[in-house]
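Structure for the following, please:
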Amino acid sequence: MPHKTIQTFTEYTMDKLFVPLVIVSQIFAIAILVLLGIWTGVTLGGFAWDGSMKHFNFHPLLMVLGMVILNGDGILVFRLFPMFSKYTSKLIHLILQGIVVIMGGIALKAVFALVFAYQNANNWDNVHTVHSWVGFTTYLMFGLQWICGFLIFFFPKLSEDYRGAYMPLHRYFGVALFALAIVSAISGIQEEIMFHTQVPKGRKYNDRQLIGDIMGLVIVAFALIIGYLVTNKEYQRKEKSLENDDEKQPLAGTEMKQTSSGSIQAADP
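Next up is the predicted model:
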């Protein structure tokens, strides 16, 4: 019977800050959701897929929900569920990040359909801000990261040597792209505020600015905690046994067989 590696949070790490930090990060995630819902659903006018400004509101909603919250929790999966097999954690990670890719695509569709039409009608250049450049580049790189991860770690799933060689890059770009997503979110919030803010003498601080600024601060706080949790080596998975580890399984459709010398090699089905 396959030997399963079972861990609890206590066995996983002796650092008593781990669980409180995870809880605080999720409190911040909930706060972002509430502020985001109020900002896009109330102060920005709500949602409608009809070519109006309400059409645009899907963009900040889906980008922050996906590229910030789900992305952050997606890279935290391997820290959160040490009691799961590594394959199960990888599958959850893959699904969450795949949802982020889909949400980002819908968000880009929303902004392209409306903003480009508005800018063209007013003879403006398209994609002319730092937010546009950084945000679009981040999404493209995120999609490429997901595709590479799927091909290398899932199907057709490269050999262990190639997976091991690619893993440092995958981890680095996962954290780097999360940081870029935060930069894109903050710059996007500021761009939206400035776009709709009049500049006459004596202008007042309004709800659109206040809620956007608070949400930006909470996003930064969420990102700082997630960044600490996923980069602290004390919180990495600590496997008790590698016996029958899912990471040791061969390419899809192959089996393991033992040679007379005792070594393990992949055999064709």
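
which stretches of the stretch 51-200 of the chain form helices?
For the stretch 51-200 of the chain, applying DSSP state H, counting those that start in this stretch gives helices covering 53-56, 58-63, 71-80, 86-121, 130-153, 160-196.

quick one: the shortest one to chain centroid distance?
Right, helix 53-56. Centroid displacement of helix 53-56 relative to its chain, using C-alpha atoms, centre = their mean, to the nearest Å, is 24 Å.

residues in contact with it?
Applying C-beta atoms under 8 Å, 6 or more residues apart in numbering, the external contacts of helix 53-56 come out as 44, 45, 46, 47, 48, 49, 110, 111, 113, 114, 115. Bear in mind the C-beta positions are built from the backbone N, C-alpha and C, glycine included.

Quick one: residues contacting residue 233.
Contacts for residue 233 (C-beta under 8 Å, 6+ apart) come out as none.

Show me what the one helix or strand residue 24 maps to is packed against.
Assigned by DSSP states H and E, residue 24 falls within helix 18-38. Helices and strands touching helix 18-38, by 3 or more C-beta pairs under 8 Å, 6 or more residues apart in numbering; DSSP states H and E, are helix 9-12, helix 58-63, helix 71-80, helix 207-231.

any idea of the mean pLDDT for it?
The average pLDDT within helix 18-38 is 95.

Which positions within that helix qualify as buried?
For helix 18-38, the neighbour count (16 or more other C-beta atoms under 10 Å) marks 18, 21, 22, 25, 26, 28, 29, 31, 32, 35, 36 as buried.

can you check stretch 170-181 too?
Buried positions in stretch 170-181, judged by neighbour count with 16+ other C-beta under 10 Å: 173, 174, 177, 178, 180, 181.

same deal with stretch 155-166?
Using 16+ other C-beta under 10 Å as the test for burial, stretch 155-166 gives residue 157.

Redo the buried residues of helix 18-38 as CSV? Include distance to residue 148.
Shown next, in CSV, are the buried residues of helix 18-38 (distance: C-beta to C-beta, whole Å):
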residue, distance to residue 148
18, 29
21, 29
22, 28
25, 27
26, 28
28, 29
29, 27
31, 33
32, 28
35, 33
36, 30
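
out of these, who's nearest residue 82?
Nearest to residue 82 among the buried residues of helix 18-38 is residue 18, at 10.4 Å by C-beta to C-beta.
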